[in-house]
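[1] Here is a sequence with its predicted model. Questions after.
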Amino acid sequence: MLSALIIVFSLGCIKSQLLNFPSIFNNLRAQPFNPLAVQQFNPLAQVQPLNPLIQPFNPLANPFNSFAPSPTRAIVAGYNSEIAVYTLSGAEFTRDTKSSWKVDQNLSWLQQVGGSLFAIHEVSEFEGVVGSAISRWEEQGGQLIRKDAVRLKSSGPAHLLVDSVHNLVMVSHYGAGTVSVVSLAGGRLGKVVQELEYGEGCRDKSHPHQAVIQGDLAWVVDLGCDAIYTYRISGGQLVKQGVTQVEAGAGPRHMVIKGSQAVVVCEQKNLVMLYGLNPQDGSLTFQHQLPLSSSTDTNYGAEILTQGDYVYASSRGDGVISVFKVVGQELVHVQELKIAGTWPRAMAIKNNIMLVAQQKGGTVQIVEINPSTGRLVAGGLLQTPSGPAFVAFIN
């Protein structure tokens, strides 16, 4: 039996409300993999519609019965200042109103390391000082307590990456066009040790949106400059190794590493790109690309994750999750799943469960993953407070 804890950040105290967890299919088990059914991407194909005939949840058909039984928790963060707690017990979500925590405004990206949660403050002013901040939180006495924080002169952070091996935190500032590097000491936040500035000498102006790390190598994805910068971590700082220019106007947003390759989802153009990754110097070599979505309407790539042989990318505007498989040096389109909202900003995956935070819909959708085929089946919705923008499983 799977247990999960959903933590949801909200604006103010919001009365607990929960949608019953439904099932939208007669046979919830995914079908066995048929390699002949995996087609190349067809831009004329229709997006799979969401079945409106959602039936009440049947515990005998619980898709989670096939998952690992270990307890699972997740957090959903966003543009609000409260954390609400949800528990999955058996086949039903319930909310524990006693576990609602007040937190700072707009903790829109977090990462768990040990017993701490590190967060960005996506603001332009922190405690009366222009700029933003990152902070570290611990649960004590049933409350989430801020243990330390570091002010950052740059505003508009979009992402942080905690590197406990090199004792660094990398903060990507979409708004300011910079990356702040903060030291760690004994698991606590230290001080700013490096500020990388990229300027305005590109298509737009620099908008770093994510940092990725593997071993001693790190990459910064710059949405505004259509660039991915490669660094080597040395002496507690980032030392630039090179830059990869992506297709002009593509707006690369997030990247995921899959073995000796990297897959990038773009925000400005409807693209998912595959690159070869040199493990020695971190350089990237373009290999292949496909449309992210078959929709010709508004679509902005947001998050990209990988599990097993498959890659999952979300598209805002048309509200789809696209599934790809990497075959050699090419991407193969597997599926496009229409979800119950239009703005799937963030995703998380664990034990063949995908959680999708829908920023403009005020919901978190639960999706089942068939690990053999990679295909997705939409499940139930959790009603959330406004502005959920981030989701992650935690220990």
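    That came through, no problem. Predicted model only: the values in this text are computed from it and were never measured. Numbers count the residues shown, from 1 in each chain.
[2] Report the distance from the helix or strand where Val239 lies to the chain centre.
    Using DSSP states H and E, Val239 maps to strand 237-245. Mean C-alpha position of strand 237-245 versus that of the full chain (C-alpha atoms, centre = their mean, to the nearest Å) differs by 23 Å.
[3] Walk me through which strands it pairs with, and which way each runs.
    The sheet places strand 237-245 alongside strand 227-234 (antiparallel), with pairing taken from DSSP bridges.
[4] Show me what the strand it pairs with is in contact with.
    Residues outside strand 227-234 that contact it (C-beta atoms under 8 Å, 6 or more residues apart in numbering) are 163, 166, 168, 198, 202, 213, 216-222, 238-246, 252, 255, 264, 281-284. All C-beta atoms are positioned from the backbone trio N, CA, C, and that covers glycine.
[5] Would you write a PyMOL line that selects the buried entries of these?
    Buried subset of these, written as a PyMOL selection, criterion 16 or more other C-beta atoms under 10 Å:
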select buried, resi 163+166+168+198+202+213+217+218+219+220+221+222+238+244+246+252+255+264+282+283+284
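[6] returning to that earlier point: list the buried ones in the helix or strand following the strand holding Val239?
    Under the assignment DSSP H and E, the closest C-terminal helix or strand after strand 237-245 is strand 252-258. For strand 252-258, a neighbour-count test (16+ other C-beta under 10 Å) marks 252-258 as buried.
[7] So what are the sheet partners of strand 252-258 and their directions?
    Next to strand 252-258 in the sheet, as set by DSSP bridges, lie strand 261-266 (antiparallel).
[8] distance between the strand it pairs with and the chain's centre?
    Using C-alpha atoms, centre = their mean, the offset of strand 261-266 from its chain centre is 14 Å.
[9] so what does the helix or strand following it touch, helix or strand wise?
    Where DSSP H and E defines the elements, the next helix or strand beyond strand 261-266 is strand 271-277. Packed against strand 271-277 by the contact rule (3 or more C-beta pairs under 8 Å, 6 or more residues apart in numbering; DSSP states H and E) you find strand 261-266, strand 284-291, strand 300-307, strand 320-327, strand 330-338.
[10] could you give the angle of strand 271-277 to strand 320-327?
    If you take axes from the mean of the first three to the mean of the last three C-alpha atoms, to 10 degrees, strand 271-277 sits at 30 degrees to strand 320-327.
[11] How about residues contacting the strand holding Val239?
    Strand 237-245 is contacted by residues 170, 179, 181, 193-194, 196, 217-218, 226-233, 275, 281-284 when judged by C-beta under 8 Å, 6+ apart.
[12] again, only this time at 7 Å
    181, 193-194, 196, 218, 226-232, 281-284 (C-beta atoms under 7 Å, 6 or more residues apart in numbering).
[13] which two of the residues you listed lie the greatest distance from each other?
    Using C-beta to C-beta, the two most remote members of those are Val193 and Asp226, lying 28.0 Å apart.
[14] So if I had to pick from the two, which one is more boxed in?
    More neighbours surround Asp226 than the other of Val193 and Asp226, with 21 against 15 (other C-beta atoms under 10 Å).
[15] tell me the contacts of the closest residue to the more buried one other than its chain neighbours?
    Nearest residue to Asp226 in three dimensions, chain neighbours excluded: Val246, at 5.1 Å (C-beta to C-beta, 6 or more residues apart in numbering). By C-beta under 7 Å, 6+ apart, Val246 lies in contact with 226-228, 252, 264, 273.
[16] which two from the residues you listed end up farthest apart in space?
    Pairwise across the contacts of Val246, and taking C-beta to C-beta, the largest span is found between Ala227 and Met273, at 12.8 Å.
[17] Which strand or helix spans Ser314?
    Counting by DSSP H and E, the element that carries Ser314 is strand 310-316.
[18] Now do that strand: distance to the chain's middle.
    On C-alpha atoms, centre = their mean, the centre of strand 310-316 falls 10 Å from the chain's centre.
[19] got a list of what Gly236 touches?
    By C-beta under 7 Å, 6+ apart, the contact list for Gly236 reads 168, 183, 193.
[20] taking these one by one, which sit in helices?
    Among the contacts of Gly236, no member is found in helices (DSSP state H).
[21] For those, give me JSON lines that also has pLDDT and distance to Glu82.
    Listed next are the contacts of Gly236 as JSON lines, based on pLDDT from 0 to 100; distance: C-beta to C-beta, whole Å:
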{"residue": "Leu168", "pLDDT": "98", "distance to Glu82": "30"}
{"residue": "Ser183", "pLDDT": "98", "distance to Glu82": "30"}
{"residue": "Val193", "pLDDT": "98", "distance to Glu82": "33"}
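[22] Any chance of the buried residues of strand 252-258 in a markdown table with distance to Leu382 and pLDDT as columns?
    Formatted as a markdown table, these follow (distance: C-beta to C-beta, whole Å; pLDDT from 0 to 100):
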| residue | distance to Leu382 | pLDDT |
| --- | --- | --- |
| Pro252 | 31 | 98 |
| Arg253 | 25 | 98 |
| His254 | 24 | 98 |
| Met255 | 28 | 98 |
| Val256 | 25 | 98 |
| Ile257 | 30 | 98 |
| Lys258 | 29 | 97 |
